[in-house]
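Engineer: Predicted model and sequence follow; I will ask about them next.
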Amino acid sequence: MLSTKRVAAAFLAAFTTLSSATSIPISHPTEFGPSKAAARQNAFDIFNAIHSAMRQWGSSLNHNGMSLFLATIPAGVLLHHGTHSPTPPQGPEWLAFEIEHAELFAHPSMRGPPMKPTPPLPSPQQQQQQQQQQQHPLLQHNPHPTNDTPPPEHGYLHTYLTTAPLPLLYLDGTSAGNTLMGTLDTQDLLLRLNRSASLWDEPGRARELCDLVTSWGLHGVIRMEAGFEVIKCDFSMGMELLSAGRRPEVGEPGGDAGRRVVMFEYVRAVGRRYGGIGGNRVGVDWGSMVSAWFYYGGVDLRDGEGRPRLVGVGDEELRGIRGRVEEVVRGRRGGGERVIDWQGVVDSVVERYADRLKYMAEGVESVEMMRGEVNGLLNTYIDYGVKDEGYQAAMGRCARFHAHGVIQETQEDELILTAIEAVTLRICSTLFGVRKLVVEDPQADDASVNAAKQSLRGLMDKLRWTRWKECAACSFDELCFWRSKSERQQKQCVSRESNAGPIDGNDGFYH
Ligand SMILES: *[C@@H]1O[C@H](CO)[C@@H](O)[C@H](O)[C@H]1NC(C)=O
């Protein structure tokens, strides 16, 4: 299993030297390629992409993914498929990690083509309207069964067991969200090189993605909507059918759950996985990360509303990035490489600073309190027995602390490290600035505290950690989601009975 060869970078021997064996091709101004300058400029996005990868919460908030990873489902994992036939499909078809996600597609109300139906294309006006109204990707489970196919008899829930490790291409963000907001950019623009692909052409999308990734030796694609899913290219490979149980009809005992309830149970199950799908069901090869963020500096990749997009990227450049994805996947799909746990590194940074920064920026009320917080964070890095002009050495230790001991091996590792260190340097320099205000200045007063708070708020605006929007403390029968459309962004608890926004698809679950 992949997890056994993952290396927790944080626990590597502290004395290992930082390797400079790998080198990023030096991009000529006229030559297109990844660069450390771009990694530094997009450091906060790269950091957050790693933090959110394979996690429902962050990947909903940051719904437009710009990054691709090689990811492997080990043998022995259960995957589910809801359909209206007891026999396995050939593929490409969809598999869900959560049972409730697949149950939805086996429910009588979902009659019509199996998982991932294709509703009729919206009219241009509807598309425009959708574009204007949609500030957030929606739950898109609205099959409009065509009238010319007779409704199938019953629904079935298939459960499969993987019998071999399945290497897959993971597309980050809400990449299974059928929206016009950019959630499909890495699929339609980058992988398919198609600028006019129709939103709802899921079968075409699946077929073309499968043609591409199977030629690289992969079994399919991992994407996320409300719930993570696999587009499995060939159902006869690497897994076996365990069961295909018939679902109850409405009116049959056990079959009285209406569509609303099924929808609620679905999002409720998915909400349990905000922090990750768990169970080591997917191992991400972090060193295989290829991101558009590695290629472009600054604002180039954002639209007028600040959303990451690939629409402005030329075909040649898209081909260049896709070529690198292929190269990395072909080179690493066999496994066996040492995989640095970059998400572990990023998590350790977020765990150490997230709550404290928020408390310092919002809760602290006196010089003494601010002093206590900042000393608690920075004393770790300061050697009070040594003269350190401007705390330059301490700042360096602070910035490198969490990635200390990592020996980067791939070009992508080096770009990731560059991004992480740019983020930690920003945190550390802000904190040393706060220290100067409230610790080094014996005359520090309320004005110093306010100045410190202001710089901490500036830092938080840059970091944009999804941790600061987390849901907690809803009742056991409720789903917690983030309401970002309302004036005051806030969490909301939704029960089966409440008129649930996210279930009707207007807000909340996606952002
Ligand atoms: C893009 O996809 C659409 C279907 O969604 C197809 O009709 C069109 O031919 C494709 N264009 C290219 C350039 O492949």
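Structural biologist: Happy to help now that I have it. Numbering: from 1, shown residues only.
Engineer: domain parsing for the protein?
Structural biologist: Domain assignment of the chain by automatic domain parsing yields the ranges 2-7+34-143+167-249+259-332, 342-469.
Engineer: Could you report the neighbour count for the closest residue to the ligand within the stretch 251-400 of the chain?
Structural biologist: When distances are taken as C-beta to the nearest ligand atom, the stretch 251-400 of the chain reaches nearest to the ligand at residue 315, 10.3 Å away. Using the backbone N, CA and C atoms, a C-beta is placed for each residue, glycine as well. Residue 315: 10 surrounding residues under other C-beta atoms under 10 Å.
Engineer: my guess is it meets residue 194, correct?
Structural biologist: No - using C-beta atoms under 8 Å, residue 315 is not in contact with residue 194, being 10.5 Å away.
Engineer: Overlap in contacts, those two.
Structural biologist: Residues touching both residue 315 and residue 194 (C-beta atoms under 8 Å, 6 or more residues apart in numbering): there are none.
Engineer: Leaving out sequence neighbours, find the closest residue to the residue of the stretch 251-400 of the chain closest to the ligand.
Structural biologist: Nearest non-adjacent residue to residue 315, counting by C-beta to C-beta, 6 or more residues apart in numbering: residue 193, 6.3 Å away.
Engineer: Residue 496 too?
Structural biologist: That would be residue 264: by C-beta to C-beta, 6+ apart, it lies 5.0 Å from residue 496.
Engineer: Please verify my assumption that the one you found contacts residue 479.
Structural biologist: Yes - the criterion here is C-beta under 8 Å, and residue 264 meets it with residue 479 at 7.3 Å.
Engineer: Same drill for those two, tell me which one is more crowded.
Structural biologist: Just comparing residue 264 and residue 479: by other C-beta under 10 Å the higher neighbour count belongs to residue 479, 27 against 24.
Engineer: so is the residue lying farthest from the centre of the chain in a helix, a strand, or just coil?
Structural biologist: What lies farthest from the middle of the chain is residue 443; by C-alpha atoms, centre = their mean that is 45.4 Å. Here residue 443 is recorded as coil under DSSP: H, G, I helix; E, B strand; the rest coil.
Engineer: For residue 159, give me phi and psi.
Structural biologist: Dihedral pair for residue 159: phi -120, psi 130, per degrees, to the nearest 10.
Engineer: That one and the ligand: what is the separation?
Structural biologist: 32 Å (C-beta to the nearest ligand atom, to the nearest Å).
Engineer: List the residues that contact that residue.
Structural biologist: By C-beta under 8 Å, 6+ apart, residue 159 lies in contact with 78, 79, 80, 81, 99, 241, 242, 243, 244.
Engineer: and what of residue 64?
Structural biologist: 173, 174, 181, 182, 183, 185, 307, 308, 309.
Engineer: what's the farthest-apart pair in those residues?
Structural biologist: Taking C-beta to C-beta as the measure, those span a maximum distance of 13.9 Å, between 174 and 309.
Engineer: Which of those two has more residues huddled nearby?
Structural biologist: Legend: neighbour count by other C-beta under 10 Å for residue 174 and residue 309, higher for residue 174 (29 against 20).
Engineer: ok, which stretches of this structure are strands?
Structural biologist: 6-7, 64-73, 78-83, 93-96, 156-162, 166-173, 220-225, 227-232, 239-246, 283-291, 339-340, 478-483, 490-495 (DSSP state E).
Engineer: Packed most tightly, which of these would that be?
Structural biologist: strand 220-225 (a mean of 28; mean count of other C-beta atoms under 10 Å).
Engineer: Tell me what angle that strand forms with strand 166-173.
Structural biologist: What separates the directions of strand 220-225 and strand 166-173 is an angle of 30 degrees, with axes from the mean of the first three to the mean of the last three C-alpha atoms, to 10 degrees.
Engineer: Strand 220-225 pairs with which strands, and in what direction?
Structural biologist: Strand pairing for strand 220-225, determined by DSSP bridges: strand 166-173 (parallel), strand 227-232 (antiparallel).
Engineer: So which residues make contact with the first one?
Structural biologist: Meaning strand 166-173. Applying C-beta under 8 Å, 6+ apart, the external contacts of strand 166-173 come out as 49, 52-54, 59, 62-73, 183, 186-187, 209, 213, 216-224, 230, 238-239, 282, 284, 325, 329, 333, 335.
Engineer: Report the separation between residue 181 and residue 257.
Structural biologist: With distances taken as C-beta to C-beta, to the nearest Å, residue 181 is found 32 Å from residue 257.
Engineer: So which of these two has more stuff around it?
Structural biologist: Set residue 181 next to residue 257 and count neighbours by other C-beta under 10 Å: residue 181 wins out with 22 against 18.
Engineer: Quick check: the more buried one touching residue 175?
Structural biologist: No - counting by C-beta under 8 Å, residue 181 does not reach residue 175; the two are 11.8 Å apart.
Engineer: For the residue of the stretch 351-500 of the chain found nearest the ligand, list the residues it contacts.
Structural biologist: Residue nearest to the ligand within the stretch 351-500 of the chain: residue 412 (28.6 Å; C-beta to the nearest ligand atom). By C-beta under 8 Å, 6+ apart, residue 412 lies in contact with 287, 288, 289, 290, 294, 328.
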